[in-house]
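In: sequence and predicted structure below; questions after.
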Amino acid sequence: MTAVVFIHGTGVREPGFSKLAGRVAAGLTALRDGLRIVPYYWGGTHGATLAAGGASLPPQPGATARGLAETPYAPDATDDTTAAWAALYADPYAELALAAAGAQPVVERPPGSVPPEQKLQAQLAALAAQGDAPAAESGPGLARAATDLAAHPLLGPAAAALDPDELAALAARSLTARVIADALDADTPLVPVGDTRDAVADRLAETLGAPPRGTERGLRSLLLRAAGSAASRAVVRRRRALTEAAHPAAADILRYLSRGEAVRADLRALVAGLEPPVALVCHSLGGIIALDTLISAPLPQVRLLVTAGSQGPFLYESGSLPSLDHPAPLPAHVPDWLNLYDPHDLLSYLGADLFPGRVTDVAVDSRQPFPAAHSAYWTNPEVYRRIVDRLP
């Protein structure tokens, strides 16, 4: 009788684990009789917890952190400004689109009239000719951003909806956000603080024709007026809940990479008590645990390793896998390895090119976007067919 040890991934705790393990057992035994399903629930004993009850979390609005005599934190307009800039980093033309949406329907202009965007386009061309220097504190790319904005199809409708000063300020924010967003996409280690960003946006606005704003700071934008303060303040209020909900997944990985020997030892003891043949079927971090355990010393009972949504190959290639340094090969005693990945799962990686002849990578498409794709393996019938086809 083949024993299948199911090893869960990050963040899984009871009662969720029992439901997950039951689903896996049902999916496998529906396709093959006589399987013995053995769950390995490491999350209860070796999973991460907030041992001090969340003492590391900043206080919620209106509260003061334990042991501190500081003024309680309360969200203000700065939080709203931060939220609005976040929206602009995600889409530097978001405010332009909002302005264009508020424009009056297009009508035919009188002969000889000047399009309302023409003056700004000329100013953007002159700005682009200066290169990246006017926004050097924010990063490179200003000239390209100015050229692209001048040619944007929404610039005309936005210009028709706003007065020239508002349009210049909007364009400056768009350019500043584009430069910073490009820097973030390039994984730059340096991003300007908000005061520097605001100073750059003010300077660009004046260059494009807006009057000086004096000492006023902050984002007085269409985005801010549209979004209001409720959303950003709600996120701040929910920070503790969000952290407590998310921390097991991230912290499980960190805890395993720093103190993983105990969870590997328990897995080794579990497998040692099973009659062969044994297959290890693993999800996410469970695959890393199993791979490390198999690499570290032979487990002759194990004839097949199955990983789904595994980061093991990535950790190996990046030099982070505890048991094996790149480019060392897999030890000969590691069994056949079936690696299932979803093309939409950004936490699944490939092993065949790293370990030629030792790993079979198979795509299983759940038709879910990330991050849902990372949790959809065990409701995908193809996953069970692929596993059963390879079971000893």
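Out: Good, I have the coordinates. Predicted model only: the values in this text are computed from it and were never measured.
In: tell me which element residue 360 falls in.
Out: Residue 360 belongs to strand 359-363 when assigned by DSSP states H and E.
In: list the buried residues in the helix or strand that that strand is followed by.
Out: Going down the chain from strand 359-363, the next helix or strand is helix 381-390, by DSSP H and E. Neighbour-count burial for helix 381-390, counted by 16 or more other CB atoms under 10 Å, picks out 383-384, 386-388, 390. (Each C-beta comes from the backbone N, C-alpha and C, glycine too.)
In: next one: helix 381-390 to chain centre, how far?
Out: 29 Å (CA atoms, centre = their mean, to the nearest Å).
In: the strands in the stretch 151-300 of the chain, which residues?
Out: Assigned by DSSP state E, counting those that start in this stretch, the stretch 151-300 of the chain shows strands spanning 278-283.
In: neighbours of residue 51, how many?
Out: Applying other CB atoms under 10 Å, we find 8 residues neighbouring residue 51.
In: ditto for the one 4 residues further on
Out: Residue 55: 10 surrounding residues under other CB under 10 Å.
In: do you know how far it is from residue 11?
Out: Applying CB to CB, to the nearest Å, the value for residue 55 to residue 11 is 21 Å.
In: equivalent analysis for residue 357, please.
Out: Distance of residue 357 to residue 11, computed by CB to CB: 34 Å.
In: of those two, who's got more company?
Out: For residue 357 versus residue 11, neighbours defined as other CB under 10 Å are more numerous around residue 11 (21 against 8).
In: give the helix, strand or coil label for that one.
Out: Secondary structure for residue 11, judged by DSSP: H, G, I helix; E, B strand; the rest coil, is coil.
In: that one contacts residue 255, correct?
Out: No: Residue 11 is beyond contact range of residue 255, at 11.7 Å (criterion: CB atoms under 8 Å).
In: what about the residue nearest to residue 369 when sequence neighbours are not counted, how many residues nearby?
Out: Excluding the flanking residues, the one nearest residue 369 by CB to CB, 6 or more residues apart in numbering is residue 344, at 5.9 Å. Using other CB under 10 Å, residue 344 has 17 neighbouring residues.
In: just to be sure, residue 344 is in a helix?
Out: No: Residue 344: not assigned to a helix; according to three-state DSSP it is coil.
In: quick check: it vs residue 367, distance?
Out: From residue 344 across to residue 367, the span is 8 Å (CB to CB).
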